[in-house]
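[1] This is a predicted model, with the sequence first.
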Amino acid sequence: MMETPSLRAALAGARPLRVGWSCLPDPLAAEIMVRAGFEAVLLDLQHGVIDMGATPAMLTAIRSAGGHALARIPVGEYQSASRLLDWGAEMVVAPMIETAEDARAFASFMKYPPDGQRSYGPARAVQLSGLSADAYRTSANASTLAVVMIETRAALSNLDAILAVPGIDGVFVGPYDLSIALSPEGEPGLDRPDTIAAMERVVRQAKAAGKVCGAFGANAALVRRYLGLGFTFATLSTDMDLIDSAVKAAISEAEGG
């Protein structure tokens, strides 16, 4: 297997990592995303239609194509994080984290002792890493990233405490949910000054804590905006939306539109 730099090293590189977002439970689709240019793909087990049964083959497809494998768990399913790591995920993202206690519970499933309580059994992850079992075990806490989502008022209020939790490697903003949470009417608004100011705050505090910070970008313009704000990385659209827009564009072109 072609050697790929660690995800942590890639995120610290000179340019932002190209990260795709997968909602469809298809290993071939995930592999195509990597071969088409995404250097990492995040599997969405929260809002996508991917379940745990589809995930091992998808993680293998991404890693075997030379990409970095990321995954988002459903709300509160911290135990799923350990299984995803065992199957080869390099970053796990936990949604709706609001307190240091939430972050601590998540981190405990992400890190081996003494940093956490992750149970040992990474047979597939060892194979995909190309490391010996001992080398994987001793490097896993540093090389696999526990990332928490910041998407509520409570999370913003507790951000420094969340960032200070041992084993938490970074934060990821869900701009749509965050903008809804900040609105008294519960209305989304990615362009509102309060949303942008909150995202700038997350970047500032994450970088001060020495942690990675990412954001979901629904389109290229939003990705450019978030990287301009200083985010370490931003995901670009979703596989479902990319297929939808590509088909519509191809039909329009074929019909002379």
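    Everything's here; your move.
[2] could you point out where the stretch 101-250 of the chain is predicted with low confidence?
    Screening the stretch 101-250 of the chain residue by residue with the criterion pLDDT under 70, one finds no matching range.
[3] Which parts of it are strands?
    Here the stretch 101-250 of the chain has its strands, by DSSP state E, counting those that start in this stretch, at 145-150, 170-173, 212-217, 233-236.
[4] export these to CSV and tack on mean neighbour count and distance to residue 114?
    Where you see a C-beta, it was placed from the backbone N, CA and C, and this is true even at glycine. Formatted as CSV, the entries for those read as follows, by neighbours: other C-beta atoms under 10 Å; distance: least, C-beta to C-beta, whole Å:
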stretch, mean neighbour count, distance to residue 114
strand 145-150, 25, 15
strand 170-173, 26, 21
strand 212-217, 25, 23
strand 233-236, 25, 29
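[5] So what's the residue count around residue 35?
    The local packing of residue 35 (other C-beta atoms under 10 Å) involves 11 other residues.
[6] Quick check: chain neighbours aside, which residue is closest to it?
    residue 65 (5.6 Å; C-beta to C-beta, 6 or more residues apart in numbering).
[7] which residues does the closest residue to residue 141 other than its chain neighbours contact?
    Setting aside the residues directly before and after it, residue 141 is nearest to residue 111 in space (C-beta to C-beta, 6+ apart), at 4.8 Å. Residue 111 makes contact with 117, 118, 140, 141, 146, 167, according to C-beta atoms under 8 Å, 6 or more residues apart in numbering.
[8] give me that answer again for 7 Å
    If you count contacts by C-beta atoms under 7 Å, 6 or more residues apart in numbering, residue 111 has them with 118, 141, 167.
[9] what about the last one, distance to residue 217?
    Residue 167 sits 27 Å away from residue 217, taking C-beta to C-beta, to the nearest Å as the criterion.
[10] list the contacts for the nearest residue to residue 223 once chain neighbours are set aside?
    Residue nearest to residue 223 in three dimensions, not counting chain neighbours: residue 217, with 3.6 Å by C-beta to C-beta, 6+ apart. For residue 217, the contacting residues are 223, 226, 234, 235, 236, taking C-beta under 7 Å, 6+ apart as the criterion.
[11] hang on, the earlier thing: possible to save the strands of the stretch 101-250 of the chain as JSON lines with distance to residue 31?
    Shown next, in JSON lines, are the strands of the stretch 101-250 of the chain (distance: least, C-beta to C-beta, whole Å):
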{"stretch": "strand 145-150", "distance to residue 31": "22"}
{"stretch": "strand 170-173", "distance to residue 31": "24"}
{"stretch": "strand 212-217", "distance to residue 31": "22"}
{"stretch": "strand 233-236", "distance to residue 31": "17"}
